[in-house]
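1. The following block contains a protein sequence and its predicted model.
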Amino acid sequence: MNGLKHLLRIADFRRLWIGQVVSDFGDGLTLLALLILTQRLTGSTMALAGVAIASTLPMIIFGLPAGAFVDRVDRRKVMILSDSARALVVLGFVLVRDPNLMWLLLLLAFIQSSIGTLFNPAKAALLPLVVPEDNLLAANTISQMSRVIANLAGTALVGVIAAFSEYLTIAFVIDAATFATSAFWISRVSLTDTRAKAAATAGSFMRDLGIGLSTIGHSRSLLGVLMAGAIAMLGLGAVNVLMVPLVVDVMGASEVWFGALNAMQVVGMVASGSVVAILAQRFAPTRMISAGMIGAGLAVSAIAITDAPWQLAVILLVIGILVAPVQAGVATLAQVLVGDELRGRVNSALNTVISLAMVVSQAFAGLLAAALGVSAVFIIGGALTVVGGAVSWMLFRGQAAIPERSGQTLEPVPETA
């Protein structure tokens with residue numbers, strides 16, 4: 001509790017956090033809105049997979065260059081420009097009102113996600129400069145909990161909007177406003193990223209591209225995070241694509257249910273996240289990651305036997321409880337295992353490989369659902385998640401809770417209110 005109070009007294013953290021919450025609200029709203037709009041226009045699981053792939057593919061293409069870039073420039077400015085650009089892009093979704101314009105929806109989704117490849121590593125690398133290292137786990141926990149709560153609020157709102165709006169125009173307008181609001185709050189962060197100016201003149205940009213993967217390859221703990229995430233995403237990517245047809249087509253439930261279903265997962269994550277710092281005092285983050293993934297995989301497989309939304313809600317509650325320690329542990333390890341000059345690249349390298357696995361999964365989601373049925377895909381996805389957790393357990397075995405990092409980190413004194 002004292003750690004949380006200390007974080008809230010850090011002015012720059014509060015500003016970053018407010019911007020994140022507002023943006024995450026819009027993200028949760030638009031992601032579901034795109035899937036619902038695609039379902040309405042096409043009724044095709046392949047089209048749903050196409051939307052998911054268009055949103056994920058940019059990380060594979062631009063992830064490593066983006067990570068190298070944000071390690072050489074002012075990360076705060078990158079985040080402001082990224083939010084401002086995305087505020088304009090999402091307004092384009094209001095033009096998609098016919099199946100023949102699905103190409104435009106896919107293009108805009110690709111562009112929006114491409115811009116996001118700069119924002120995400122910049123944010124992940126900036127946080128350790130704002131928050132002292134011994135408060136990073138608490139900071140990541142707060143960020144994860146607020147993200148799912150904001151996503152829930154956005155998802156709940158789009159369920160209501162979907163009941164009254166055929167093309168969900170208002171959802172995309174609201175998301176544009178959230179990006180603009182996020183840019184405003186990030187612009188108020190007072191941190192001057194002087195490290196970026198020095199990094200911009202040190203070494204070749206092309207050489208920087210491979211450093212992220214090389215750093216991961218020399219760290220058994222980071223390799224455990226990478227392998228676990230990649231294997232799990234082979235299963236979970238398909239699950240994300242098929243949640244809409246599971247509820248609407250298989251269960252025959254109303255789209256309004258999405259708000260309640262996400263609420264249950266958020267309740268689980270908040271309840272679990274509130275004790276993550278306590279758990280970290282007794283269990284290594286590596287063990288929390290592995291055990292959480294194995295448990296979550298079993299729960300995902302159990303979705304296959306559900307035939308009513310309330311049953312799915314119970315399972316999502318369990319998944320939420322198990323996922324919170326995993327997310328907080330992964331984010332913390334990725335930040336503390338490397339020096340500041342490498343954080344953007346390492347974060348992007350992790351995201352690129354994991355996103356590649358997700359795209360492969362999403363690409364086959366529609367085919368597997370058509371051939372085996374939606375429920376069978378949940379069984380397969382859960383099994384792969386269990387395998388990912390087991391692989392990470394083996395790679396983490398014998399490693400210290402927080403091994404020695406590589407590189408040198410410059411931590412300025414955080415500004416307080």
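-> Alright, I've got the coordinates.

2. For residue 196, report the pLDDT, please.
-> Each residue has a pLDDT score; the one for residue 196 is 49.

3. what about the helices in the stretch 51-200 of the chain?
-> 75-89, 102-130, 136-164, 169-187, 194-200 (DSSP state H, counting those that start in this stretch).

4. Quick one: closest of those helices to residue 384.
-> With CB to CB as the criterion, residue 384 lies closest to helix 136-164 of those, at 22.5 Å. Glycine gets a C-beta too; all of them are placed from N, C-alpha and C.

5. next one: the closest one to chain centre, how far?
-> Distance of helix 136-164 from the chain centroid (CA atoms, centre = their mean, to the nearest Å) equals 12 Å.

6. Next: stretch 119-137.
-> Centre-to-centre, stretch 119-137 and its host chain are 15 Å apart (CA atoms, centre = their mean).

7. pLDDT below threshold where in this structure?
-> Along the chain, segments meeting pLDDT under 70 span 1-5, 191-213, 240, 255, 259, 273-284, 339-341, 398-417.

8. Identify the single longest helix in it, thanks.
-> helix 11-42 (DSSP state H).

9. What residues sit buried inside that one?
-> Using 16 or more other CB atoms under 10 Å as the test for burial, helix 11-42 gives 11-39, 41.

10. what do you get for stretch 243-255?
-> For stretch 243-255, the neighbour count (16+ other CB under 10 Å) marks 243, 244, 245, 246, 247, 248, 251, 253, 255 as buried.

11. Roughly how far does the residue lying closest to residue 37 once chain neighbours are set aside sit from residue 155?
-> Nearest non-adjacent residue to residue 37, counting by CB to CB, 6 or more residues apart in numbering: residue 168, 5.6 Å away. The spacing between residue 168 and residue 155, counted by CB to CB, to the nearest Å, is 12 Å.

12. swap in residue 365?
-> Computed as CB to CB, the residue 365 to residue 155 distance reads 20 Å.

13. Equivalent analysis for residue 55, please.
-> According to CB to CB, residue 55 and residue 155 sit 16 Å apart.

14. Run through who's touching stretch 230-241.
-> Here stretch 230-241 makes contact (CB atoms under 8 Å, 6 or more residues apart in numbering) with 45, 48-49, 52, 56, 293, 297, 300, 303, 353-362, 364-366, 368-369, 377-378, 380-385, 387-389, 391.

15. So what's the residue count around the nearest residue to residue 229 once chain neighbours are set aside?
-> With sequence-adjacent residues excluded and distances taken as CB to CB, 6+ apart, residue 229 is closest to residue 354, at 4.3 Å. Residues lying near residue 354 (other CB atoms under 10 Å) number 26.

16. Please identify the buried residues of the helix or strand encompassing residue 354?
-> For residue 354, the element it lies in under DSSP states H and E is helix 343-372. Judged by neighbour count using 16+ other CB under 10 Å, the buried positions of helix 343-372 are 343-366, 368-369.

17. returning to that earlier point: relative to residue 215, which of the helices of the stretch 51-200 of the chain is closest?
-> Across the helices of the stretch 51-200 of the chain, residue 215 has its closest neighbour in helix 102-130 (13.4 Å, CB to CB).

18. counting contacts, what elements does that closest one pack onto?
-> Packing partners of helix 102-130 (3 or more CB pairs under 8 Å, 6 or more residues apart in numbering; DSSP states H and E): helix 11-42, helix 45-70, helix 75-89, helix 136-164, helix 309-336, helix 343-372.

19. switch the cut-off to 7 Å
-> Applying 3 or more CB pairs under 7 Å, 6 or more residues apart in numbering; DSSP states H and E, one finds that helix 102-130 contacts helix 11-42, helix 45-70, helix 75-89, helix 309-336, helix 343-372.

20. what's the angle from the longest one to helix 45-70?
-> Direction vectors for helix 11-42 and helix 45-70, defined by axes from the mean of the first three to the mean of the last three CA atoms, to 10 degrees, enclose an angle of 150 degrees.

21. And for the last one?
-> Angular relation of helix 343-372 and helix 45-70 on a 0 to 180 degree scale: 170 degrees, by the same axes, to 10 degrees.

22. Would you mind identifying the next helix or strand past helix 343-372?
-> As assigned by DSSP H and E, the chain's next helix or strand after helix 343-372 is helix 374-396.

23. centre of the chain versus that following helix, how much separation?
-> Here helix 374-396 shows a centroid-to-chain-centroid distance of 18 Å under the convention CA atoms, centre = their mean.

24. Show which residues not belonging to that helix make contact with it.
-> For helix 374-396, contacts defined as CB atoms under 7 Å, 6 or more residues apart in numbering pick out 220-221, 223-224, 227-229, 231-232, 234-236, 238-239, 242, 245-246, 250, 286, 289-290, 293-294, 296-298, 300-301, 303-304, 365, 368-369.

25. Perfect, that will be all.
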